[in-house]
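Asker: what's the 3D shape of this:
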Amino acid sequence: MGVGFLHGVLPQGISRSYFSTPRKISVLTTDEVLFPMNLRQELEEELHVRFSVTVTRDWESMLANVVASPSADLIFLPSYWANTLAHQNLLANVAGIQGELLRRVSTDFVKSRNPETFTFLPIYWMKTGIDTPLDETFLDYLKNKKETFLFLLADEDLLLKHFQTWKEQGLLEQINSKRILTLQLDQLSKTSDEGAVETPLNRDFRGGTHPFLSALLIWGAAIPANSTQKELALEILEVLTNVEHQEKGLLGTPFNSTFSTVTGKEIPLHRRADFIRDLELKDTLILETKDQEAPLKLKNDFNFIL
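Answerer: Residues are numbered from 1 along each chain as shown. Coordinates of the predicted model:
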């Protein structure tokens, strides 16, 4: 690098930030796929930060880390978890400078365009359905005694909603005759060869036509009100949600994008934000808030332990 480097003169192209200690930021995520290692490494290099990441699907743990002072700095979570935290005034504004982050989100995924009340940044969405092995209807699958497995998304609130709905529809006895296994988000590419599978509804299949079988799910980011690194968290979200990062990483996930800006030719139409307008949302399960007693209700009412 030359003699000047040894005498404190920085070579061209190297700033003093190159030698400074990376800024540290604490992150919580309910699923690894929402903030994967490869993305973290890219952002660490680009923004000169170091992430301390905790993956937890435990609501009490999430709540404790959000309520703490100081709290976690950035969280990735389902929309209905964020709604519950927002109702308790535990989340900070994430609209960004002059509402830039809010403007990136398609109007289909925000209840209000008011930047002052924007505390949850939707990033991904998915409408689920249950794909059956023989492309039969869900009711025919339940009657088929040769098909024994039912794979469902490992989300306690969605599982509870499924069981409650099936009880109301008089299907619980048939459901209980199946062996129910759960899948994490990164396992949703599983085929239905082994049984019926809850999966992204990016195509039409007959199993998805049964009332209240599909669910509309949204995931995104929030900043706890007690975070001491709100500006840095917003900076990270601005980079993470830019078109380059989103179009580069989207197809490596099971999700669709909520951003009206993600329209690159490599992004299939069914993975874009406006695809939601082409889907039938009538009789679709939508989770609004976190049921903090969901695990207990699953166990006591339906003898199901996640």
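Asker: Centre of the chain to the helix ranked longest in the chain, how far?
Answerer: Ranked by number of residues, the top helix in the chain under DSSP state H is helix 156-168. Remark: helix 156-168 is offset 20 Å from the chain centroid, using C-alpha atoms, centre = their mean, to the nearest Å.
Asker: next SSE after that helix?
Answerer: Using DSSP states H and E, the helix or strand that follows helix 156-168 in sequence is helix 172-176.
Asker: Residues touching that next one, excluding its own?
Answerer: 142-143, 150, 163, 166, 302 (C-beta atoms under 8 Å, 6 or more residues apart in numbering). Every residue, glycine included, has its C-beta placed from N, CA and C.
Asker: Closest one of the residues you listed to residue 249?
Answerer: Distance to residue 249 across the contacts of helix 172-176 (C-beta to C-beta) is lowest for residue 150, with 30.6 Å.
Asker: one step back: in a markdown table, list the contacts of helix 172-176 along with neighbour count, pLDDT and distance to residue 228.
Answerer: As requested, those are exported to a markdown table (neighbours: other C-beta atoms under 10 Å; pLDDT from 0 to 100; distance: C-beta to C-beta, whole Å):
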| residue | neighbour count | pLDDT | distance to residue 228 |
| --- | --- | --- | --- |
| 142 | 21 | 94 | 52 |
| 143 | 12 | 93 | 57 |
| 150 | 22 | 95 | 45 |
| 163 | 22 | 97 | 41 |
| 166 | 19 | 96 | 45 |
| 302 | 19 | 97 | 42 |
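Asker: What is the nearest of the residues you listed to residue 82?
Answerer: residue 163 (23.9 Å).
Asker: which residues does that closest one contact?
Answerer: Neighbours of residue 163 in contact, by C-beta under 8 Å, 6+ apart: 172, 175, 298, 301-302, 304.
Asker: if you set the cut-off to 6 Å instead, what comes out?
Answerer: Contact analysis of residue 163 by C-beta atoms under 6 Å, 6 or more residues apart in numbering lists residue 302.
Asker: List the buried residues in the longest helix of the chain.
Answerer: By 16 or more other C-beta atoms under 10 Å, the buried positions in helix 156-168 come out as 156-166.
Asker: just stretch 241-248 next, same as before
Answerer: Buried-residue list, stretch 241-248, by 16+ other C-beta under 10 Å: 241, 245-247.
Asker: just those residues now: which is nearest residue 57?
Answerer: For those, the nearest to residue 57 is residue 241 (23.4 Å; C-beta to C-beta).
Asker: And the residue nearest to that closest one when sequence neighbours are not counted, how far from residue 43?
Answerer: Excluding the flanking residues, the one nearest residue 241 by C-beta to C-beta, 6 or more residues apart in numbering is residue 104, at 5.9 Å. Going from residue 104 to residue 43 by C-beta to C-beta, to the nearest Å gives 17 Å.
Asker: So if I had to pick from those two, which one is more boxed in?
Answerer: residue 104 (24 against 19; other C-beta atoms under 10 Å).
Asker: end to end, how far does stretch 55-72 reach?
Answerer: Stretch 55-72 has its terminal residues 12 Å apart, counting by C-alpha to C-alpha, to the nearest Å.
Asker: residues in contact with it?
Answerer: Counting by C-beta under 6 Å, 6+ apart, residues outside stretch 55-72 touching it are 26, 28-30, 32, 90, 224, 226-228.
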